[in-house]
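Colleague: Provided below for reference: sequence and predicted model.
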Amino acid sequence: ADVNLSGYGRFGLTYNDGVPAGIAQTQIDTRFRLNIDASMTSDVGVEFGGRVRLQYDDNSATSVLTSTPTATGGVVNTTTTTGSGAQLSPADLYAKFGGLRVDVGNVGTAFDNAALMYNSEVGYIGNSSGDPLGSFYAFASGPYNANQVNRMGVAVAYSFGAANVRASIVNPNQQLDGLPGGQDIEYGISGDYGFGAFTVSAAYVANGAGITDNDNYYIAAEYAINDAGTVGLQYFDDGDTSFNAPGDEGEHYTLYGSYVFGQITAKAYVAQRQGGAGDDTAYGIGADYDLGGALLAVSVREDYDSNTLADFGVKFNF
Amino acid sequence: ADVNLSGYGRFGLTYNDGVPAGIAQTQIDTRFRLNIDASMTSDVGVEFGGRVRLQYDDNSATSVLTSTPTATGGVVNTTTTTGSGAQLSPADLYAKFGGLRVDVGNVGTAFDNAALMYNSEVGYIGNSSGDPLGSFYAFASGPYNANQVNRMGVAVAYSFGAANVRASIVNPNQQLDGLPGGQDIEYGISGDYGFGAFTVSAAYVANGAGITDNDNYYIAAEYAINDAGTVGLQYFDDGDTSFNAPGDEGEHYTLYGSYVFGQITAKAYVAQRQGGAGDDTAYGIGADYDLGGALLAVSVREDYDSNTLADFGVKFNF
Amino acid sequence: ADVNLSGYGRFGLTYNDGVPAGIAQTQIDTRFRLNIDASMTSDVGVEFGGRVRLQYDDNSATSVLTSTPTATGGVVNTTTTTGSGAQLSPADLYAKFGGLRVDVGNVGTAFDNAALMYNSEVGYIGNSSGDPLGSFYAFASGPYNANQVNRMGVAVAYSFGAANVRASIVNPNQQLDGLPGGQDIEYGISGDYGFGAFTVSAAYVANGAGITDNDNYYIAAEYAINDAGTVGLQYFDDGDTSFNAPGDEGEHYTLYGSYVFGQITAKAYVAQRQGGAGDDTAYGIGADYDLGGALLAVSVREDYDSNTLADFGVKFNF
């Protein structure tokens, strides 16, 4: 029986020349993430545990409210406004035995946990236009949104040697006997395998984020050139979040690489989007300086809409 | 000076054939409970401490909100919807010296802490129709409701040998000089004593849950047949939550027993309600399988309305 | 990498004869404060860390809500009511190297952290009319208010020998390119120095609490008469929170002292306000009894409006 507290903090500056008029292009960005992990191993050898995440992100406006009654035209209404503080996630519970792990509740999903998926990210925040552009469920770092109050997930993961496979099911509202039209249970699978210098990864999700027929595909490979250099290539079909409407989220390819020079890791990616919101190219470069347990990082990116974004900051693990 | 984190997790399946049409009879049930206990022992030997509970229950919709302003008929209203995440309780503070303990704030009450009261429960969740049916205050695992914002309790407990006595007072709104009509301060007492194979327990609460004249009584005895078997009998007067209206919550009797066979504990109860919502019998059976620090449990119950309920799942302590 | 949990608890009785009719003059007061401090030291010697505070105060009504839709005159409105539980603050992140510390986010401000500023306080809660009467930002123990959701602070502190200097900047809304009229970025500086039996402290804040031209000044000195006795004198200019309106918050002087007799510390202060809400004198006396790691304290005070206030209770650290 054990409760372990771990997480990370980060802070720095972000720049975005694509913000609407009146919004500051340069802002300070902070995050504090604390994972509360409880676990115990029963005498029969099965490990049981659970996680709740405590997280604060600056500029977040969702955690608490004050209300001021106001009278409008003879009717007393309530003006609701929101404040901001650290927030707690819903819980994930799990059982683990050998290479098999079953999670229940606020689970990490098979699609979101696919290997290599976020490896093109640069900067201390970890951003990339090469990331998936579709919609699907993932572990929720904060409270579920209002329309997911009765959300319930089950996930299974199994590791054997250099291979990992995962499957997950998320019901957007388990309290209903049947979901309303346009909404369906999300099913996802993913797997990855490493052999020599290669790692390959693939994932599929049906009804991503509970949206009927929003099916996303993903396949990727990464190659370690030598001890210092890595390149990877990804393909994403980003599904269709507009149920029964024409058009979809399109697809995109991401090529990325990184190279370590002493304490510096240089990173770059280029991503090509087809269909969806238009055919466009996005790219980014970044450099991490290893402080030993912490990193100082800078990145500059251009997104699909040709906006320039940059960030510079520190991230540390605890 | 010490901060201790402990609690439990549980997950499993629940079945209820008495749910309204459109609601799923079978659902997944999860809970993650973390007690944050801080304590210190002063040089004079008095221990001081406090507790806040962090808890997440699935299908809970009370922790956070997003608001979308909407205009209806020329009046701008606020549509308030709630999300879901782990929640924090109000704090309990205490001082302890020898067998005497005084709690202030979100206290465990004398009535709710009465010995044997919940011993008829079965299953990994712990449910029984033999539990008290009346209304009274208890330690709040989540935030106080809106009408209890200024709630304040004081509780005293004393242990001497095999005897325990408790008294508690809870003011529904300590900020008011006098409570509004129909509302009163809750007073409760309870005590228990063990002699040989017998344990006896009794409790009384006046103005339970702050409702004027809602007085509840409870008396129970448990007998250990041998090392493995236990039987118990309880009587509850469940009070009257309808102030100044005819009728009350009635009374009920509970007979329960358990028997240990190796790693399995078999449990059963039968409860007879008189008055209140009607004269009815409810019963339940359950079996716990001891995993060593965790348990796997199944239960089947029939409630007073002849609905069948069942659950199957795991509970582990950490 | 380390997560440290510490804080304090307190509970007792408070009396105030100046409350409005219908409000209880005597109430029970409780607080539970838990600081969650994460830190790590990178290989280059820089320490990085962060803090989130978890706190519960009785009679607080700000942390959670339930909503009941009600129909008024054909329009469906939402009645919003708030509940009460422990709350989480926004996070402070920091980097520390030698005597220099930089904080980002929910920072302790230079003005609020000025030495000696709260030294006239008496009682287990720590109250004094000699405290600053103006408005300025400080570390937020709970969520930011609705109008501070995008608040962002940066603070720098440096210690060398017996001297400490601090500077801080807090932007009430960093998301805006320019703040609305009457609102400005808060700038603050403070410093203190100890030499022999003397400590001197001074602070200045411009646009306190983000209110344009709300500038506050503070200067103080404390003298240790001997091992047991201390006296201090403070001057505060409490700024002007009414932008572009006549009148201001005035200024006040505070004289205070304390003396240790064995396990008892006797304390007293007298404060003289000029301008602002009127020329008035306030005073208070208190006694702390040292329980070794905890204290039992009593205080009696008269505020500027000639109300009598008293409190009696326990505070313990963990």
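Modeller: Received it, and whenever you're ready, just let me know what you need. Numbers count the residues shown, from 1 in each chain, chains lettered A, B, ... in the order given.

Colleague: Quick check: nearest residue in space to A:Ala294, chain neighbours excluded?
Modeller: Distances taken as CB to CB, 6 or more residues apart in numbering or on different chains place A:Phe316 nearest to A:Ala294, at 3.7 Å, with adjacent residues excluded. (C-beta placed from N, C-alpha, C; glycine too.)

Colleague: What's the mean pLDDT across the helix or strand containing that neighbour?
Modeller: In this structure, A:Phe316 sits in strand A:308-317 according to DSSP states H and E. Mean pLDDT, taken over the full extent of strand A:308-317, equals 98.

Colleague: about what we covered before: dump the residue contacts of the residue nearest to A:Ala294.
Modeller: Each residue near A:Phe316 by CB atoms under 8 Å, 6 or more residues apart in numbering or on different chains is listed here: A:Tyr8, A:Gly9, A:Arg10, A:Leu291, A:Gly293, A:Ala294, A:Leu295, C:Met40, C:Ser42, C:Phe48, C:Gly49.

Colleague: Run a quick neighbour tally on the second one.
Modeller: The tally of other residues near A:Gly9 (other CB atoms under 10 Å in any protein chain shown) stands at 30.

Colleague: ok so, going back, could you list the paired strands of the strand holding A:Phe316 along with their orientation?
Modeller: In its sheet, strand A:308-317 lies beside strand A:2-16 (antiparallel), strand A:294-302 (antiparallel), with partners assigned from DSSP bridges.

Colleague: Tabulate the ones you listed in JSON lines, adding columns for distance to B:Ser135 and mean pLDDT.
Modeller: As requested, those are exported to JSON lines (distance: least, CB to CB, whole Å; pLDDT from 0 to 100):
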{"stretch": "strand A:2-16", "distance to B:Ser135": "34", "mean pLDDT": "97"}
{"stretch": "strand A:294-302", "distance to B:Ser135": "53", "mean pLDDT": "97"}
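
Colleague: Distance to B:Phe160 for those - can I get that in a markdown table?
Modeller: Shown next, in a markdown table, are the strands paired with strand A:308-317 (distance: least, CB to CB, whole Å):
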| stretch | distance to B:Phe160 |
| --- | --- |
| strand A:2-16 | 34 |
| strand A:294-302 | 55 |
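
Colleague: which of the contacts of A:Phe316 has the most neighbours?
Modeller: Across the contacts of A:Phe316, the neighbour count under other CB under 10 Å reaches its highest value at A:Gly9, namely 30 neighbours.

Colleague: Which strand residues bridge it?
Modeller: Beta bridges link A:Gly9 to A:Phe32, A:Phe316 when assigned by DSSP bridges.

Colleague: Is it correct that it is in contact with C:Ile36?
Modeller: No: at 11.4 Å, A:Gly9 does not count as touching C:Ile36 under the criterion of CB atoms under 8 Å.

Colleague: Taking the stretch 201-318 of chain A, what residue is nearest to chain C?
Modeller: Nearest residue of the stretch 201-318 of chain A to chain C (CB to the nearest CB) works out as A:Gly292 at 2.4 Å.

Colleague: Let me see the backbone angles for that residue.
Modeller: Recorded main-chain torsions at A:Gly292 are phi 80, psi 90, according to degrees, to the nearest 10.

Colleague: Next, the contact list for it, please.
Modeller: A:Gly292 sits next to C:Ser42, C:Asp43, C:Val44 when contact means CB under 8 Å, 6+ apart.

Colleague: Relative to chain B, which of those residues is nearest.
Modeller: The shortest gap between chain B and any of the contacts of A:Gly292 belongs to C:Ser42, at 26.2 Å (CB to the nearest CB).

Colleague: Quick one: residues contacting the closest one.
Modeller: C:Ser42 sits next to A:Leu291, A:Gly292, A:Gly293, A:Ala294, A:Phe316, C:Phe48 when contact means CB under 8 Å, 6+ apart.

Colleague: For chain A, which residues score under the pLDDT cut-off?
Modeller: Regions of chain A meeting the criterion pLDDT under 70 cover residues A:1, A:61-83, A:243-244, A:246-247.

Colleague: So which residues of it form helices?
Modeller: In chain A, no helices are found when defined by DSSP state H.

Colleague: buried sites along stretch A:224-243?
Modeller: Using 16 or more other CB atoms under 10 Å in any protein chain shown as the burial criterion, the residues of stretch A:224-243 that qualify are A:Thr230, A:Gly232, A:Leu233, A:Gln234, A:Phe236, A:Asp237, A:Asp238, A:Gly239, A:Asp240, A:Thr241.

Colleague: what separates it from the chain centre, distance-wise?
Modeller: Distance of stretch A:224-243 from the chain centroid (CA atoms, centre = their mean, to the nearest Å) equals 14 Å.

Colleague: before we move on, back to that, what is the nearest of the contacts of A:Phe316 to A:Gly191?
Modeller: Sorting those by how near they are to A:Gly191, with CB to CB, puts A:Tyr8 at the top with 27.6 Å.

Colleague: Look up the closest residue to that closest one, ignoring the ones flanking it.
Modeller: Among residues not flanking A:Tyr8 along the chain, A:Asn317 sits closest, at 4.8 Å (CB to CB, 6+ apart).

Colleague: Number of residues surrounding the one you found?
Modeller: The local packing of A:Asn317 (other CB under 10 Å) involves 16 other residues.

Colleague: quick one: the nearest residue to A:Ala221 once chain neighbours are set aside from chain C, how far?
Modeller: Spatially, and ignoring its direct neighbours in sequence, A:Ala221 is nearest to A:Val200 (4.9 Å; CB to CB, 6+ apart). Summarising the geometry, the distance separating A:Val200 from chain C, computed by CB to the nearest CB, to the nearest Å, is 33 Å.

Colleague: got a list of what A:Val200 touches?
Modeller: With contacts defined as CB under 8 Å, 6+ apart, the neighbours of A:Val200 are A:Asp192, A:Tyr193, A:Ile219, A:Ala220, A:Ala221, A:Glu222.

Colleague: Select only the buried ones of those in PyMOL?
Modeller: Applying 16+ other CB under 10 Å to the contacts of A:Val200 leaves a buried subset, and the PyMOL line that selects it is:
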select buried, chain A and resi 192+219+220+221+222
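
Colleague: between the contacts of A:Val200, which is nearest B:Thr30?
Modeller: Using CB to CB, A:Asp192 comes nearest to B:Thr30 of the contacts of A:Val200, at 27.9 Å.

Colleague: in the sheet, who's paired with the closest one?
Modeller: Residues in a beta bridge with A:Asp192, per DSSP bridges, are A:Asn164, A:Ser201.

Colleague: which residues touch the nearest residue to A:Gly123 once chain neighbours are set aside?
Modeller: Closest residue in space to A:Gly123, ignoring its immediate chain neighbours: A:Ser299 at 3.2 Å, by CB to CB, 6+ apart. Applying CB under 8 Å, 6+ apart to A:Ser299 gives the contacts A:Val122, A:Gly123, A:Tyr124, A:Asn127, A:Lys267, A:Gly284, A:Ile285, A:Gly286, A:Ala287, A:Ala310, A:Asp311, A:Phe312.
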